[in-house]
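**Student:** Okay, sequence plus prediction incoming.
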Amino acid sequence: MNSQNRLGALDGLRGAMSLWVLLGHTCAFTGMNFIPVLRSPHYAVDGFMILSGFLMAYHYLLRAEKEPWTKPRTWTTFYIRRFFRLSPLYYLLLIPAYLLKAQYDHWKAVVETVVDVAQRAPDNPAVTWQHVALHISYLFGLSPTYHASLVLPDWSLSLEMQFYLVFPFLMLFVLRFGWIAFSLVCTGVWLVSSSSYLGYAQQFVQPSPLVLSLIWFVIGMLWAAAHLAGDTPASRKKVLLACGLSLLSRDIHDVILVVVFAWVIFGSGRLLLGGTLPYLRRLLSNRFSALLADASYSVYLLHLLILTPIAFLLCTQFHMASVARFLAAAILTMAISYGLARPLELLENAGIKLGKRLSPTRSRLVPAANPSVGLPV
């Protein structure tokens, strides 16, 4: 279970999740709401959270001896690298999102009227200094008013930053009390926060506060510990415990997603589909999958800037059936988004290099795993 080449399949999973989000939003913007699963991109975001928890814990456990969390410079290095991994591209795309906010709000409102969406987004607040400051600081995800107030799907970036902020504390808790206690406490926090009796979750359109999405990060972290421990009874229990936690979501699609992820990462060729799994892993870790993974963050963050005006034009200027409208919007959005992703990767890589240069420590990452985070980040 500890073979390093299995982690190459995470590239394919990350690229597939990003494409799923793009196509899911295209379904919503073109009236193709009758396609099951594909029309629900929030499951893909759950997958990103799992991958993020996995990769963060995986790298921490590998470097724990050389970069222990008991040293302040380790924390500083972690925070600097994570900030510069996300921020350059995000701050760049905030410019058109703010400058054209009124236009995007109009386009989206018209599209929602034409395609008759079942649940329309709430009215976006006006741009104020608080609005901008909360987005630049990533704190907007904690606000029911501002967490989904731009055309960008950036609520998940705030969620990621919240996870990074508390991640060192989570790992210190694990070191002190163990994985079982960690899982129980985090699951309890998630259950209480998500409870309808508390009423907190109902204030948000998206689960952008960390406490509302914590369970998915925990699943990934448990898997990282299991993967590095090798094929032992204790590691198998961690895998099963993580899968069992998904049942608490009471959503069969999330349960299936978790089981598929576990099968790809931990399954052997003798399980489930016979000898198919090695071929699936090669498919998920080939060069094309790596290209999709490299473009995933740019495509995820960019695609609604592209899709919204395309959907507006298709809905208002052309008389098309929903299927034709979906195909046209999907092809155009994918072509433009993936086409722009390549030059935008230069900005991403520049941010990564700058973060490493500013870090107090410069330890080498393990080459077996992609150092990027779960949300196509």
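**Tutor:** Thanks, I have it. Here the structure is a predicted model, which is why all the values come from computation and not from measurement. Numbering: from 1, shown residues only.
**Student:** can you map out the helices along the chain?
**Tutor:** For the chain, the helices defined by DSSP state H occupy 9-30, 42-63, 72-99, 101-115, 129-136, 155-177, 179-194, 214-229, 233-246, 252-266, 276-284, 287-317, 322-358.
**Student:** which one of those has the lowest average pLDDT?
**Tutor:** Lowest mean pLDDT within the helices of the chain: helix 276-284, at a mean of 72.
**Student:** rewinding a little: any chance of the helices of the chain in CSV, plus distance to S208 and mean neighbour count?
**Tutor:** In this view, the C-beta of every residue, glycine as well, is placed from N, C-alpha and C. Compiled in CSV, these are given as follows (distance: least, Cβ to Cβ, whole Å; neighbours: other Cβ atoms under 10 Å):
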stretch, distance to S208, mean neighbour count
helix 9-30, 15, 24
helix 42-63, 10, 23
helix 72-99, 15, 17
helix 101-115, 19, 17
helix 129-136, 12, 16
helix 155-177, 4, 19
helix 179-194, 12, 16
helix 214-229, 12, 25
helix 233-246, 20, 17
helix 252-266, 17, 18
helix 276-284, 29, 16
helix 287-317, 15, 21
helix 322-358, 22, 16
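**Student:** and Q203, which of those is closest to it?
**Tutor:** Closest to Q203 of the helices of the chain, according to Cβ to Cβ: helix 179-194, at 11.3 Å.
**Student:** Export that closest one to CSV, keeping only CA atoms.
**Tutor:** Provided in CSV are the C-alpha atoms of helix 179-194 (Å, rounded to 0.1, in the frame of the first residue of the first chain):
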residue,chain,number,x,y,z
TRP,A,179,-5.4,9.9,15.0
ILE,A,180,-8.5,8.4,16.6
ALA,A,181,-9.0,11.2,19.0
PHE,A,182,-8.2,13.7,16.3
SER,A,183,-10.8,12.2,14.0
LEU,A,184,-13.5,12.0,16.7
VAL,A,185,-13.0,15.7,17.9
CYS,A,186,-12.9,17.1,14.3
THR,A,187,-16.0,15.0,13.3
GLY,A,188,-17.8,16.3,16.4
VAL,A,189,-17.0,19.9,15.5
TRP,A,190,-18.2,19.3,12.0
LEU,A,191,-21.4,17.6,13.1
VAL,A,192,-22.3,20.4,15.6
SER,A,193,-21.5,23.2,13.2
SER,A,194,-23.5,21.6,10.3
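**Student:** Tell me which residues are up against it.
**Tutor:** Identification of contacts with helix 179-194 by Cβ atoms under 8 Å, 6 or more residues apart in numbering yields 170, 173-174, 198, 200-201, 207, 209, 211-215, 218, 221-222, 225, 238, 241, 245, 248.
**Student:** returning to what we had before: redo the helices of the chain as CSV? Include distance to A148.
**Tutor:** Below are the helices of the chain laid out as CSV (distance: least, Cβ to Cβ, whole Å):
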stretch, distance to A148
helix 9-30, 13
helix 42-63, 12
helix 72-99, 12
helix 101-115, 12
helix 129-136, 12
helix 155-177, 5
helix 179-194, 18
helix 214-229, 19
helix 233-246, 25
helix 252-266, 20
helix 276-284, 31
helix 287-317, 11
helix 322-358, 20
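**Student:** Tell me which of these approaches Y146 most closely.
**Tutor:** helix 129-136 (5.3 Å).
**Student:** Show me what that closest one is packed against.
**Tutor:** Contact analysis of helix 129-136 by 3 or more Cβ pairs under 8 Å, 6 or more residues apart in numbering; DSSP states H and E lists helix 72-99 as its packing neighbours.
**Student:** for the helix it packs on, packing partners?
**Tutor:** Helix 72-99 sits against helix 129-136, helix 155-177, helix 287-317, helix 322-358, with contacts defined as 3+ Cβ pairs under 8 Å, 6+ apart.
**Student:** Of all those helices, which one comes closest to A9?
**Tutor:** Among these, helix 287-317 sits nearest to A9 (Cβ to Cβ), with 8.1 Å.
**Student:** and the closest one, what other elements does it pack with?
**Tutor:** By 3+ Cβ pairs under 8 Å, 6+ apart, helix 287-317 packs against helix 9-30, helix 72-99, helix 101-115, helix 322-358.
**Student:** The helices and strands packed on helix 72-99: which one's closest to V258?
**Tutor:** helix 155-177 (17.7 Å).
**Student:** and that closest one, how far from the chain's centre?
**Tutor:** 15 Å (Cα atoms, centre = their mean, to the nearest Å).
**Student:** count of residues packed around the residue nearest to L172 when sequence neighbours are not counted?
**Tutor:** With sequence-adjacent residues excluded and distances taken as Cβ to Cβ, 6 or more residues apart in numbering, L172 is closest to W69, at 5.7 Å. When neighbours are counted by other Cβ atoms under 10 Å, W69 registers 16.
**Student:** Would you confirm that W69 contacts L170?
**Tutor:** No: contact criterion Cβ atoms under 8 Å: W69 and L170 do not qualify, at 10.0 Å.
**Student:** re earlier: out of the helices of the chain, which is closest to T145?
**Tutor:** helix 129-136 (8.8 Å).
**Student:** From the chain's centroid, how far away is the closest one?
**Tutor:** Distance, centroid of helix 129-136 to centroid of chain: 22 Å (Cα atoms, centre = their mean).
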